[in-house]
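Peer 1: Can you look at this prediction? I've put the sequence above it.
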Amino acid sequence: MYEDQDLAKRTEELVEENRDILDDQFAFRGKQYDAGLAMVHFPEGYGGLGGNRGQQAVIDGVLRSYGVTYEDLRINPIGIGMGAPTVLAYGSEELKEKHLRKIFTGEDVWCQLFSEPTHGSDVAGIPSRAIRDGDEWIVNGQKVWTTLAHTSNYGMLLTRTNPDVPKHKGLSYFVLDLHAPGVEVRPLYQMTGEAEFNEVFLTDVRIDDSLRLGDEGDGWRVAITTLMNERVALAGGPAPQGSGPIKELMKLWEVRKSQLSPVDLEIWRDRVMALWIEAEIVRLTNARAKQSAVGGNPGPEGSVSKLASAELSKRVTAAVVDLEGAAGMLHEPGYPMTRSSGAMSTRSGRFLRARANTIEGGTSEIMRNILGERVLGLPGDVRVDTDVAWSEIPK
């Protein structure tokens, strides 16, 4: 295990040796990957040094101090946060060599193909089908709410390969080329005015069996790896005090507090103070979780951070709009196919988008179930289809 000071020194040396390519995303991040400073908790040779997740903050801090501004959540959030850990855990050596480096550099953007029109939270019941044809699988079905599918090169595809066993046991997991024949991506416009999500239609799409992650029928276990990493990624990493959504509220509070009546001032002071305290609790909880995490895949405890961060974001953005007054209701029109500009750059856009935080990556209700059952050991929900073949479940 490398000490933090060793990682800081290695990062400084990386920057000094590559100053001429700091502005070249693919080239510099490729060097970062080769140096083991990309995903430090990954094994050596795969972008890491076998450290713990929390140590990535040391590396990122040094890079920021040198003005290297590339951020994983802007470059390839799903690929880096979810795809890479899944490929590392279940991919062949060939798939690791082909994909891990390009995932980190952002040369290959990835998306997640789990939810379907009839199955969101109950993703194990999805009806899309893959039928074996020699060394290939022929896939038909429809995916929905697929973030970044319109800009992605690859997708993590979960589909049914055996309908005659219980739903969790008949799934398989594949790496899908989004440019393959039979793949069609259509935008879904959100209430923010952006088409961040998509529908993906799969019509007789052929996937080679070598692109399967995990054993045939073991797709649910592989998908859980993706989902656990997704919840950690959505919760965010260690952050400076006062950063994130609470930063905007505090800036607005400094402007608006002198304009409020004495009664409103007292009410708003209590509300802002309570949100600040909650934001600090969530920040420290996330930092502690990241620092204690070692190599390997996160467990159900990651749902704590995801749930707390999502609900906090919703409350903070609502407070910002409320504090701004009538102007907070204004929202620019338009439907650009973008992720991090347009409506997301406005207060109303961030308020509207925050609602999705409590749905994507598992709803807050699902997070509470996971924490209750798998962390606290409480009795589980009633499940009547656990031992029933998927084909026999009433549709």
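Peer 2: Yep, that arrived.

Peer 1: switch to C-alpha atoms for all contacts and neighbour counts from now on
Peer 2: Noted.

Peer 1: and stretch 167-186, C-alpha only, in CSV?
Peer 2: Taking only C-alpha atoms (Å, rounded to 0.1, in the frame of the first residue of the first chain), the coordinates of stretch 167-186 have been written out as CSV:
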residue,chain,number,x,y,z
LYS,A,167,-36.0,-14.1,-13.0
HIS,A,168,-32.7,-13.4,-11.2
LYS,A,169,-31.1,-16.6,-12.6
GLY,A,170,-32.0,-16.2,-16.3
LEU,A,171,-30.0,-13.0,-17.0
SER,A,172,-26.7,-12.5,-18.8
TYR,A,173,-24.5,-9.4,-19.1
PHE,A,174,-22.8,-8.2,-22.2
VAL,A,175,-20.6,-5.4,-23.5
LEU,A,176,-22.6,-3.9,-26.4
ASP,A,177,-21.2,-1.9,-29.3
LEU,A,178,-23.6,1.0,-29.6
HIS,A,179,-22.7,1.4,-33.3
ALA,A,180,-23.6,-2.2,-34.1
PRO,A,181,-26.3,-2.9,-36.7
GLY,A,182,-29.8,-3.0,-35.2
VAL,A,183,-29.1,-0.5,-32.4
GLU,A,184,-31.2,2.6,-32.5
VAL,A,185,-31.0,5.5,-30.0
ARG,A,186,-33.8,8.0,-29.6
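
Peer 1: quick one, phi psi at the residue nearest to Leu158 when sequence neighbours are not counted?
Peer 2: Nearest residue to Leu158, sequence neighbours excluded (C-alpha to C-alpha, 6 or more residues apart in numbering): Tyr173, at 4.6 Å. Backbone dihedrals for Tyr173, given as degrees, to the nearest 10, come out at phi -130, psi 130.

Peer 1: ok, now Glu199?
Peer 2: The phi/psi pair for Glu199 (degrees, to the nearest 10) reads phi -100, psi 140.

Peer 1: from memory it sits against Thr146, does it?
Peer 2: Yes: counting by C-alpha atoms under 8 Å, Thr146 is a contact partner of Glu199 at 6.2 Å.

Peer 1: What number of residues are in the vicinity of the residue lying closest to Thr118 once chain neighbours are set aside?
Peer 2: Nearest non-adjacent residue to Thr118, counting by C-alpha to C-alpha, 6+ apart: Ile126, 7.2 Å away. Ile126 sits with 24 neighbouring residues when counted by other C-alpha atoms under 10 Å.

Peer 1: Just the pLDDT for Ile126.
Peer 2: Per-residue confidence (pLDDT) for Ile126: 97.

Peer 1: Surely the residue nearest to Leu158 touches Val139?
Peer 2: No: under the criterion of C-alpha under 8 Å, Tyr173 lies out of contact with Val139, with a separation of 11.7 Å.

Peer 1: Who has more neighbours out of these two?
Peer 2: Neighbours per residue, other C-alpha under 10 Å: of Tyr173 and Val139, the larger number sits with Tyr173, 27 against 22.

Peer 1: show me the residues around the more buried one that make contact.
Peer 2: Residues near Tyr173 by C-alpha atoms under 8 Å, 6 or more residues apart in numbering: 156-159, 212-214, 216, 218-220, 222-223.

Peer 1: quick one: it from Glu199, how far?
Peer 2: From Tyr173 across to Glu199, the span is 19 Å (C-alpha to C-alpha, to the nearest Å).

Peer 1: Repeat that for Ser258.
Peer 2: Ser258 is 47 Å from Glu199, by C-alpha to C-alpha.

Peer 1: Of those two, which one has the most company?
Peer 2: Set side by side, Ser258 and Glu199 show more neighbours around Glu199, with 22 against 10, by other C-alpha under 10 Å.

Peer 1: Okay, and the beta partners of the more buried one?
Peer 2: Applying DSSP bridges to Glu199 yields these beta-bridge partners: Arg186.

Peer 1: and it, what pLDDT?
Peer 2: The per-residue confidence score, pLDDT, reads 96 for Glu199.

Peer 1: Can you give me every residue that contacts it?
Peer 2: Glu199 makes contact with 142-146, 185-188, according to C-alpha under 8 Å, 6+ apart.

Peer 1: Sort out which of those are buried, if you could.
Peer 2: Buried residues within these, defined by neighbour count using 16 or more other C-alpha atoms under 10 Å: 142-146, 185, 187-188.

Peer 1: I appreciate the help and will end here.
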